[in-house]
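K.L.:
When you get a sec, could you give me coordinates for this:
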Amino acid sequence: MAFALPVPVVTTDVKVAGSWLTDTVYVKPGVASISGYDIADGTRLWTIALPGQLCAASHHTSKDNRTAIAFEATKPRTTKDTVPCTEVGAIDLTKGKLLWSRSVSGGTAADDQKVRFDEVTLSGNTVAASGDKGGAAWGLTDGRELWKPQLNAEKCADVGYGGGETLAAVRRCGPYESLYWEVQNINTATREPISTFRMPTGFAYPSIVSTRPLVVTAKLFSASGDVSDSRDFFSIDEKTGKLKTIIPAPRDRYVVDCTFDEVEGCRGVVVGNDRIYFPTEEHQVGTEEFVRTNEIVSFDLTTGKPTSDKADAGVRHAMYPLRMDGGNLIAYREPVFGEGSKQIVSIGGDSFTPVTLLASHVRGSTHDTECAFSYGAEILYTHGRMFMSDGMIGKPRKTSTGERTCLALAYTTV
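P.N.:
Model prediction:
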């Protein structure tokens, strides 16, 4: 372990989603603030004070280490009060500065209320924020407004954006009784659509896994409102909007963690090498009940067929994709029902065999009174350093194993 950041003292649950890495700084939100820490020893280097609590953060960063956030305009007066998420801003992760902050009113002259946002993302020089009333965008460098929420004749509204190499929008269209969903690849400066894909009837609340290549996922809703246990992944030509293939991901076979209320909310699923990588469900090894493992497998984004890729996590370990590193897949490996170390591995080449890049101490040892994190903790890795953090904090506590809650935990091989 390199260092641990203590949980700020709070009296209620507080959202602290988001974390970022530069070559020298680890950045993590706190209570109505964002702080940068030295990646070597955890020394606080700077703090940005916000007028209210952070409510959304992009996981994308620009080449010059800037990113986008959304936050509340004021602090709540009491623990029972709620403050809408109306402010969007850009921060410099190296200098620790809030570069600008903006808000927009509704899309009609009669609606002068500030628009509430649920998500924010970044693509190139465009910061795009979205909510139930639609989306808005600004220039990353200068905060210039690029567009704001407006309904068209079909009553379509941008309810989410996917960032990264390009910008894609999820649109909810029509009245409730004849609702349908679209995914558009859009011009980052003008919002003009480059291509449009209409989701098949019954599929709702799509999430964007990747914008280039364009991959979205959704579940099938029946007329009575029942939701399918399985989730389908749609591989789409971002230039034409034509469907390439559909890849089913049955719940009993693959670990797919996506949420209905976050367009960029999928975890553990990674796109690269014209493939999509899934972790399988844990399964028993041999006859011993608590000896379990899983694998990472992939599917071709053009044909939809499984490839020969299969990386074994190893006995009493499970493994989950994090991101691509060139042509290699970076994954997180953790112990299951037993002792073992937390690991970052690189998977690539013809053998598709995991190669360990970083390993913590063995769980269960005398040193393991560190930090407990919830399922779906944020994990970042670069240059021999791994950082783990939660997206929500509450009152400090200790688990039955002696682990405590932390704002973040850092491991290093450096």
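
K.L.:
does the residue nearest to residue 124 when sequence neighbours are not counted count as helix, strand or coil?
P.N.:
Nearest residue to residue 124, sequence neighbours excluded (C-beta to C-beta, 6 or more residues apart in numbering): residue 188, at 5.2 Å. Backbone N, C-alpha and C define where each C-beta goes, glycine included. With DSSP: H, G, I helix; E, B strand; the rest coil as the basis, residue 188 sits in coil.

K.L.:
Please name the residues that touch residue 188.
P.N.:
Residue 188 makes contacts with 123-126, 137, 166-167, as judged by C-beta atoms under 8 Å, 6 or more residues apart in numbering.

K.L.:
before we move on, what about residue 120?
P.N.:
Neighbours of residue 120 in contact, by C-beta under 8 Å, 6+ apart: 56-58, 68-70, 88, 127-130.

K.L.:
Export these as TSV, with columns for pLDDT.
P.N.:
Formatted as TSV, those follow (pLDDT from 0 to 100):
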residue	pLDDT
56	97
57	98
58	98
68	99
69	98
70	98
88	99
127	99
128	99
129	98
130	97
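
K.L.:
Could you point out the helix or strand that follows the helix or strand bottoming out on mean pLDDT in the chain?
P.N.:
Across the helices and strands of the chain, mean confidence by mean pLDDT, DSSP states H and E is lowest for strand 371-372: a mean of 72. Per DSSP states H and E, the first helix or strand lying C-terminal to strand 371-372 is strand 378-382.

K.L.:
just checking, what packs against that next one?
P.N.:
Where contact means 3 or more C-beta pairs under 8 Å, 6 or more residues apart in numbering; DSSP states H and E, strand 378-382 is packed against strand 20-21, strand 385-389.

K.L.:
and of those strands, who's closest to residue 49?
P.N.:
strand 20-21 (17.7 Å; C-beta to C-beta).

K.L.:
Contacts for that closest one, please.
P.N.:
So strand 20-21 is contacted by 26-27, 39, 59, 61, 65, 67, 93, 380, 382, 385, 387 (C-beta under 8 Å, 6+ apart).

K.L.:
quick one: average confidence on the one helix or strand residue 161 maps to?
P.N.:
Residue 161 belongs to strand 157-162 when assigned by DSSP H and E. Here strand 157-162 scores 97 as its mean pLDDT.

K.L.:
thought residue 248 was touching residue 229?
P.N.:
No. Taking contacts as C-beta atoms under 8 Å, residue 248 lies outside contact range of residue 229: 11.0 Å.

K.L.:
So between the two, which is more surrounded?
P.N.:
residue 248 (13 against 10; other C-beta atoms under 10 Å).

K.L.:
beta partners of the more buried one?
P.N.:
residue 232 (DSSP bridges).

K.L.:
next one: phi and psi at the residue lying closest to residue 274 once chain neighbours are set aside?
P.N.:
In space, and not counting its chain neighbours, residue 274 is closest to residue 301: 5.2 Å by C-beta to C-beta, 6+ apart. Main-chain dihedrals, residue 301, degrees, to the nearest 10: phi -80, psi -10.

K.L.:
Please name the residues that touch residue 301.
P.N.:
So residue 301 contacts 213, 215, 235, 244-245, 247, 271, 274-276 (C-beta under 8 Å, 6+ apart).

K.L.:
could you flag which of those are buried?
P.N.:
The neighbour count (16 or more other C-beta atoms under 10 Å) marks 213, 215, 235, 244, 247, 271, 275-276 as buried among the contacts of residue 301.

K.L.:
with these in mind, which one is nearest to residue 119?
P.N.:
Distances from residue 119 to the buried ones among the contacts of residue 301, taken by C-beta to C-beta, are shortest for residue 215, at 17.8 Å.

K.L.:
re the thing from before, and the gap between the residue nearest to residue 274 and residue 60?
P.N.:
21 Å (C-beta to C-beta, to the nearest Å).

K.L.:
again, but for residue 341
P.N.:
Counting by C-beta to C-beta, the gap from residue 341 to residue 60 is 30 Å.

K.L.:
Have a look at these two and say which one is more surrounded.
P.N.:
The neighbour comparison of residue 341 against residue 60 (other C-beta under 10 Å) goes to residue 60, with 21 against 18.
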